[in-house]
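Chemist: how would this look folded up:
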Amino acid sequence: MAFRFERPAGWEYKAGQFVDITLLQPPETDSKGNVRGFSIASAPHEQTIMVATRMRNSAFKRVLASMPLHSAVSIEGPFGDLVLHRHGRRPAIMLAGGIGVTPFYSIAQQAAHEQLPHRIVLFHSNHRPEDAPFLLDLTQLAMWNANYLYVPTMTAPGLPRWQWRGEIGLIRPEMLSKHLHVQKGSDPSLAGAMYYLAGPPAMVADMRKMLLDWGADADNIRVEEFAGY
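Modeler: Numbers count the residues shown, from 1 in each chain. Predicted coordinates for the structure are as follows:
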């Protein structure tokens, strides 16, 4: 589910950052409290603040989902440095799992809006097409930004409602090489590319190890873990 909030006048943030949302006097709570961190899925040029999350059977998410329109919450932030690097000649390679794509959705939208020169390649792993958040929107962004490539992959496509003809399986070096046009024996670091990882902690750890084994520089890898989402 996605939730949009009124954006206070003068409140600024960078694409890729996150906020803490506090429920005010919720009708129920649990041991985890009334505060959760959410990456901002909307882009800075938009007029509202949008966050998106997988719905779980927690008190926080039950209350959030049932709140009527015009309800108030407390938002603190922005926080975080999972933002696009400044040097436009350095490619940005993004690897996301599931709802972990939200900061990259914000970055990709803003890059298209500003017509940034960065080469952006977003690899996005999901179980099935119908489970993939923002699948259509992320695909269509390529129409507005020639420097952007979206590579969704499905790990358990099964019998999807949609006929899937894209990548299947986990994100692996062979998939990176295929879409980044890296030839065997060439430099996989793509001349100083920056790598951005977001998703479940186990996936982030696995992807980071994969990149290091592939030849990426550890100093060029930025991560954000989505624990308990």
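
Chemist: report the central residue of the chain.
Modeler: Centroid-nearest residue in the chain: residue 101, 2.0 Å away (criterion: C-alpha atoms, centre = their mean).

Chemist: what separation do you get for that residue and residue 209?
Modeler: Counting by C-beta to C-beta, to the nearest Å, the gap from residue 101 to residue 209 is 20 Å. Bear in mind the C-beta positions are built from the backbone N, C-alpha and C, glycine included.

Chemist: next one: residue 146
Modeler: Separation of residue 146 from residue 209 (C-beta to C-beta) stands at 32 Å.

Chemist: equivalent analysis for residue 143, please.
Modeler: With C-beta to C-beta as the criterion, residue 143 and residue 209 are 35 Å apart.

Chemist: just residue 7 next, same as before
Modeler: Applying C-beta to C-beta, the value for residue 7 to residue 209 is 38 Å.

Chemist: repeat that for residue 165.
Modeler: In this view, residue 165 and residue 209 are 30 Å apart by C-beta to C-beta.

Chemist: more crowded one of those two?
Modeler: More neighbours surround residue 209 than the other of residue 165 and residue 209, with 10 against 6 (other C-beta atoms under 10 Å).

Chemist: would you confirm that residue 180 contacts residue 121?
Modeler: Yes. With contacts counted by C-beta atoms under 8 Å, residue 180 reaches residue 121, the gap being 6.3 Å.

Chemist: where do the contact lists of the two overlap?
Modeler: 91, 93 (C-beta atoms under 8 Å, 6 or more residues apart in numbering).

Chemist: domain-wise, how is this structure divided?
Modeler: According to automatic domain parsing, the chain comprises the domains 2-79, 92-225.

Chemist: hey, where'd the helices end up in the protein?
Modeler: Per DSSP state H, the chain carries helices over the ranges 59-66, 102-114, 135-140, 173-180, 201-214.

Chemist: and the contacts of the longest one?
Modeler: When you say that, I think you mean helix 201-214. For helix 201-214, contacts defined as C-beta under 8 Å, 6+ apart pick out 95, 97, 100, 125, 171-173, 176, 188, 195, 197-199, 218, 221, 223-227.

Chemist: in ChimeraX, select just the buried ones from the residues you listed.
Modeler: Remark: buried members of these, expressed as a ChimeraX selection using 16 or more other C-beta atoms under 10 Å:
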select :95,97,100,125,171,176,188,195,197,198,199,221,223,224,225,226
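
Chemist: how about residue 76: which residues does it bridge to?
Modeler: Residue 76 has these beta-bridge partners by DSSP bridges: residue 20.

Chemist: hang on, it packs against residue 19?
Modeler: Yes. Taking contacts as C-beta under 8 Å, residue 76 lies within contact range of residue 19: 6.4 Å.

Chemist: okay, those two: which has more neighbours?
Modeler: The residue with more neighbours, out of residue 76 and residue 19, is residue 19; 23 against 11, by other C-beta under 10 Å.

Chemist: tell me the contacts of that one?
Modeler: 13, 37, 38, 40, 49, 51, 75, 76, 77, 78, 79.

Chemist: show me the shaky parts of the protein.
Modeler: Across the chain, the ranges flagged by pLDDT under 70 are 157, 159-162, 183-191, 226-229.

Chemist: was I right to think residue 17 contacts residue 84?
Modeler: No. If you go by C-beta under 8 Å, residue 17 and residue 84 don't touch, sitting 11.0 Å apart.

Chemist: quick one, which of these two is more surrounded?
Modeler: Each of residue 17 and residue 84 has its neighbours counted (other C-beta under 10 Å); residue 84 has more, 25 against 20.
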